[in-house]
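> Sequence plus the predicted model coming up.
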Amino acid sequence: MKIKKIVFSILAALVLIISIFLYMNRDKFVYVGSVDIIEVDCSKKRQILSEVLESDQRLRRSNDFIKLAKEDHRNQELVVSIIEKCGMPTLKEVDQKQMDAIWLVLQHSEKKIRKKYFPLIEKAVKNGDIPKQEYALMKDRMLMDEGKPQIYGSQIKNGKFYKLENPETVNERRKEMGLEPIEDYLKRFNLQFNPN
């Protein structure tokens with residue numbers, strides 16, 4: 001009985017401490033919610049996409065996960081809203097860096113957003129608006145999301161090379177997509193390629 005009271009007191013104290021901590025730091029936590037369509041000025045999509053790219057890259061270098069979550073959410077809403085309200089941009093309307101911003105934001109989005117807009121990425125690659133390498137990375141990530149083997153060998157999960165379909169021919173597929181050999185790619189992650 002005495003042990004139960006002690007355990008209960010400790011748990012109550014922990015709940016109180018955690019509650020106080022969360023209350024004092026409430027501005028540092030964010031629920032980003034769903035990605036909604038917001039108002040965007042289609043005539044300013046070049047400027048918006050340039051700002052999105054700069055924001056995405058700056059925050060990924062900072063390792064500030066709270067700001068990263070907020071900015072990723074904001075960037076997703078901007079990119080999705082541009083696509084929905086203005087149509088998928090092309091290189092006739094924006095430059096390559098701005099097209100890269102669209103791809104980066106979708107690549108860093110949750111899987112349902114990636115899946116929804118992937119057909120537009122495929123079409124953009126066929127039209128030459130987005131490089132084939134970016135298609136390969138997104139395709140592999142989507143396959144990984146579904147628990148399927150990747151095709152191009154671009155995905156690392158929990159510090160390990162994610163399972164790969166037909167490893168013996170991966171470098172042929174990678175070359176076709178303009179990617180370096182798998183052995184060179186994996187060296188960056190201190191991993192070795194083992195086709196078995």
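Done, it's in. Residues are numbered from 1 along each chain as shown.

> Can you give me the pLDDT of the residue sitting nearest the centre point of the chain?
Computing the C-alpha centroid of the chain and ranking residues by CA atoms, centre = their mean puts His108 first, at 1.3 Å. Looking at His108, its pLDDT is 90.

> Now it: closest residue in space that isn't a chain neighbour?
Closest residue in space to His108, ignoring its immediate chain neighbours: Asp72 at 5.8 Å, by CB to CB, 6 or more residues apart in numbering. Every C-beta, even on glycine, is put in place using the N, C-alpha and C of the backbone.

> Which element, helix or strand, includes the one you found?
Take DSSP states H and E as the rule and Asp72 turns out to sit in helix 65-86.

> and the residue nearest to the centre of the chain, backbone torsions?
Main-chain torsions, His108, degrees, to the nearest 10: phi -90, psi 0.

> now Asp100
phi -60, psi -40.

> tally of neighbours for it?
20 (other CB atoms under 10 Å).

> Next: Val79.
For Val79, using other CB under 10 Å, the count is 27.

> Report pLDDT for the residue nearest to it when sequence neighbours are not counted.
Closest residue to Val79 apart from its sequence neighbours, by CB to CB, 6+ apart: Val105 at 4.3 Å. The confidence metric pLDDT takes the value 95 at Val105.

> In a strand, Val105, correct?
No - when classified by DSSP: H, G, I helix; E, B strand; the rest coil, Val105 is found to be helix rather than part of a strand.

> if we can go back for a sec, go through the helix holding Asp72 and flag the buried ones.
For helix 65-86, the neighbour count (16 or more other CB atoms under 10 Å) marks 68, 71-83, 86 as buried.

> quick check, nearest of those to Gln192?
Set against Gln192, the nearest of the buried residues of helix 65-86 by CB to CB is Leu68 (30.6 Å).

> Quick check: closest non-adjacent residue to that closest one.
Leu59 (4.8 Å).

> Where do the helices of the protein begin and end?
2-24, 45-62, 65-86, 96-107, 111-126, 132-145, 170-176, 182-187 (DSSP state H).

> List the residues that contact the residue nearest to His108.
32, 56, 59, 105, 108-109 (CB atoms under 8 Å, 6 or more residues apart in numbering).

> Out of those residues, which comes closest to Leu179?
When these are ranked by distance to Leu179 (CB to CB), His108 comes first, at 19.5 Å.

> was I right about the closest one contacting Asp56?
Yes - His108 is in contact with Asp56 according to CB atoms under 8 Å; the separation is 7.1 Å.

> where's the helix holding Asp72 relative to the chain centroid, distance-wise?
11 Å (CA atoms, centre = their mean, to the nearest Å).

> And stretch 158-166, by the same measure?
Distance, centroid of stretch 158-166 to centroid of chain: 18 Å (CA atoms, centre = their mean).

> quick one: terminal-to-terminal distance for it?
End-to-end span of stretch 158-166 (CA to CA, to the nearest Å): 22 Å.

> Name the surrounding residues that touch that stretch.
Contacts for stretch 158-166 (CB under 8 Å, 6+ apart): 140, 144, 148-151, 153, 155-156, 170, 186, 189, 191, 193.

> This completes my enquiry, with thanks.
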